[in-house]
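Novice: sequence first, predicted model second:
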Amino acid sequence: MAKKIFKVFLRAFVSLWQDAFMTEFETCKNIIARSQRFVLTTHVNPDADGLGSELALARYLQRKGKDVHILNHSSTPWNCEFLDSEQKIIQFNPERDAAFILNADAIVVLDTNSPDRLESLKPFVLQSSATKICIDHHLDKAEFANPYIIDEASAATGEILYRLFRFLDEKAIDKEIAVPLYAAIMTDTGSFRFPKTNSELHKIIAHLLEAGADPVEIYQQVYEQSSSNRVHLLGKALSTLEVVHDGKVACMTVTWEMFKETKTSEEDTDNFITHTMGIRGVQIGLLVTELADGVKISLRSKGDIPVHKLAQEFGGNGHKNAAGARVQQGTLSDVIQQVLERSKHYII
């Protein structure tokens, strides 16, 4: 009886949310119906939200008899490989894969609303005559797609996809779709502790668990499979930690030399920034990473501090409390000095 009541409530809640996006959902439904060849993609250096959303949508479309290619600029990070056991996600090679984009009927861009973040896929996506759908939860979209299904109030792109699936087919969500959606939402909510985690989101999670997602296994795969090299890298990064501006800004640094010494790479820094936010009194956390082609800035904040605005000052973007940027010019020390200087204008 309780299970039946839950399903009735969930159906009513999802229906209310869908009303706000009915036009976009209907448009998306029509595009799916008339299209055969699909390309799905997400942002450079993809996370579990982008990858999980790609895989969930690909599985849905393939069941409808569609031809689907998932093409990404970057390789899949090690802690997300379990989601793609059949290795459907392909790292984009222009000579081999450009034709899939140029000949596609529909291109779905997930978890980013800027073609700049598609890197090597960008010129082909913009050149393609395919219908372009953007499904995302970030601010300040670029004009390249139609329709846009963007809801910044959603905790993850996986959350938006969940509602889209419920609109398209109430029975669509089984274990194969529930697992990547759960991973998408779990990671983008910081394991359900970030501000957009609410009772409605937990109802969605309850449904995904009922459909077969295993929260213990997914958490272990994403967060408890570190190599000893990665742990050594974290130790070196923690040794750089500095707290400035009266204890309200914390900054960690990862240098190119650290990567070489520990035989690690950029993807091994995932989640390092959370250590800056665990310090009492810190309002803004920064992780500045030196890469072969520039400097990456990761930003987090608490409360009403809009770090996406700080990221925009350095050519980036993101969410109010989580954002990032990449700087191609200037030394590591220059970038650190600049971002620390600008950060003091955002603290309360």
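Specialist: Everything's here; your move.
Novice: could you tell me the end-to-end distance of stretch 138-153?
Specialist: Terminal residues of stretch 138-153 are spaced 9 Å apart (CA to CA, to the nearest Å).
Novice: distance between that stretch and the chain's centre?
Specialist: In terms of CA atoms, centre = their mean, to the nearest Å, the centre of stretch 138-153 is set 14 Å apart from its chain centre.
Novice: try stretch 162-177
Specialist: How far stretch 162-177 lies from its chain's middle: 20 Å, per CA atoms, centre = their mean.
Novice: any regions of the stretch 151-300 of the chain where pLDDT drops low?
Specialist: Regions of the stretch 151-300 of the chain meeting the criterion pLDDT under 70 are absent.
Novice: can you give me the strands in it?
Specialist: Along the stretch 151-300 of the chain, counting by DSSP state E, counting those that start in this stretch, strands occupy 242-244, 249-254, 284-291, 294-301.
Novice: what does the last one contact?
Specialist: Yep, that's strand 294-301 we're talking about. 266, 273-274, 276-277, 283-289, 307-308, 310-311, 314, 316, 318, 320-330, 332, 335, 339, 346 (CB atoms under 8 Å, 6 or more residues apart in numbering). Where C-beta positions appear, they are placed from N, C-alpha and C, glycine not excepted.
Novice: now it and strand 249-254, what's the angle there?
Specialist: 150 degrees (axes from the mean of the first three to the mean of the last three CA atoms, to 10 degrees).
Novice: counting by contacts, list what the next helix or strand after strand 294-301 packs against.
Specialist: Using DSSP states H and E, the helix or strand that follows strand 294-301 in sequence is helix 307-312. Packing contacts for helix 307-312, counted by 3 or more CB pairs under 8 Å, 6 or more residues apart in numbering; DSSP states H and E, involve strand 294-301, strand 317-318, strand 322-327, helix 332-343.
Novice: export the strands of the stretch 151-300 of the chain as CSV, with columns for mean neighbour count and distance to E152.
Specialist: Formatted as CSV, those follow (neighbours: other CB atoms under 10 Å; distance: least, CB to CB, whole Å):
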stretch, mean neighbour count, distance to E152
strand 242-244, 14, 30
strand 249-254, 24, 25
strand 284-291, 23, 20
strand 294-301, 24, 16
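Novice: now the helix or strand E54 falls within: how far from the chain's centre is it?
Specialist: Taking DSSP H and E as the criterion, E54 maps to helix 48-63. Centroid displacement of helix 48-63 relative to its chain, using CA atoms, centre = their mean, is 13 Å.
Novice: by contact count, what packs against that helix?
Specialist: Judged by 3+ CB pairs under 8 Å, 6+ apart, the packing partners of helix 48-63 are strand 37-42, strand 67-72, strand 89-91, strand 106-110, helix 157-168, helix 175-188.
Novice: nearest to N93, out of the strands of the stretch 151-300 of the chain?
Specialist: N93 lies closest, by CB to CB, to one member of the strands of the stretch 151-300 of the chain: strand 284-291, at 21.4 Å.
Novice: the closest one pairs with which strands?
Specialist: Note on strand 284-291: by DSSP bridges, its sheet partners are strand 249-254 (parallel), strand 294-301 (antiparallel).
Novice: if anything else comes up later, I'll come back, but that's it for now.
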